[in-house]
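Visitor: Sequence first, predicted coordinates after that:
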Amino acid sequence: MAKHGKNYRKVKADVEEKVYDLSEAIRFLKAHKIAKFDETAEMAMRLGVDTKKSDQTVRGTVVLPNGTGKSVRVAVFAAGTAADSAKAAGADFVGNEDLIEKVKGGWTDFDVAIATPEAMKEVRKLGKVLGPRGLMPNPKTGTVTDDTGAAVRVSKAGRVEYRMDKNGNVQVPFGKLSFEEPKLLENVNAVIAAIRASKPASAKGVFIKRCTLSSTMGVGLRVDVRD
């Protein structure tokens, strides 16, 4: 079992045995920073779905109104006008066969991968490299598209992806602790709304069973996300 440092234990002692509201939880995290760096604020949910059923998988993207607080490196697999559009929109890396070969060699120095449908014919073969890192372009997340310029701009602006794991959990970053409280609150509400909207039609009963807010190095606070 991992052992926590004295700062963590000190903060943990201040956590009340209750369910916090969102604003209260954000204020607590901001007032009880543990690391010296600017920690990421994160939200974790336990969803009421049957993980054995493929039609109850939850996955999507959400644009954070106030951004992520980090510089997002975008790689685009495209050629021709789609490549030109990606470059004009500020993509960090743009290429086709050359970029594919570079990734085959194990290079993944980027945060988001975008590909045109044409390029995906070859990009799919990079599954062993991109898949485990959550970087494989997917039509459901808007990262397989001919409108590469728009996709790059959205990714740079603060789009984050969420995906349920095999146990029905979803974890999503929603900003930095240095953000003002209203901006973090607006971001986390956007995430909650997006996940709620992703509820599978076949899922029955309570969809969001548990929700916790935390920071990179901080404690987790159970929060109330009822309507």
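Guide: Okay, I see it.
Visitor: Break the chain down into its domains, please.
Guide: In terms of domains, the chain is parsed into 14-67+159-222, 74-157 (source: automatic domain parsing).
Visitor: Kindly reformat the ones you listed as CSV containing mean neighbour count and distance to Tyr8.
Guide: All C-beta spots, glycine's among them, are computed from the backbone N, C-alpha and C. Below are the domains of the chain laid out as CSV (neighbours: other C-beta atoms under 10 Å; distance: least, C-beta to C-beta, whole Å):
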stretch, mean neighbour count, distance to Tyr8
domain 14-67+159-222, 17, 6
domain 74-157, 18, 27
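Visitor: quick one: contacts for Glu39?
Guide: Applying C-beta atoms under 8 Å, 6 or more residues apart in numbering to Glu39 gives the contacts Lys33, Lys176, Leu177, Ser215, Thr216, Met217, Gly218.
Visitor: Show the residue spans covered by the helices in the chain.
Guide: Here the chain has its helices, by DSSP state H, at 6-13, 22-31, 80-88, 97-104, 120-123, 127-130, 148-157, 181-197.
Visitor: Select, out of these, the one closest to Gly168.
Guide: Of all those, helix 181-197 sits nearest to Gly168, with 12.0 Å by C-beta to C-beta.
Visitor: Extract the CA atoms of the helix or strand bottoming out on mean pLDDT in the chain and return them as CSV.
Guide: In the chain, no helix or strand scores lower on mean pLDDT, DSSP states H and E than helix 6-13, which sits at a mean of 74. Only the C-alpha atoms of helix 6-13 are listed here, as CSV (Å, rounded to 0.1, in the frame of the first residue of the first chain):
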residue,chain,number,x,y,z
LYS,A,6,2.9,14.3,6.1
ASN,A,7,1.4,17.2,4.1
TYR,A,8,-1.2,14.8,2.6
ARG,A,9,-2.0,13.3,6.0
LYS,A,10,-2.4,16.8,7.4
VAL,A,11,-4.9,17.8,4.7
LYS,A,12,-6.7,14.5,5.0
ALA,A,13,-7.3,15.3,8.7
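Visitor: Check which residues of that helix are buried.
Guide: Across helix 6-13, burial judged by 16 or more other C-beta atoms under 10 Å covers Tyr8, Val11.
Visitor: Relative to Arg27, how far out is Met43?
Guide: Here Met43 is placed at a distance of 15 Å from Arg27 (C-beta to C-beta, to the nearest Å).
Visitor: next one: Ala79
Guide: Distance from Ala79 to Arg27, counting by C-beta to C-beta: 49 Å.
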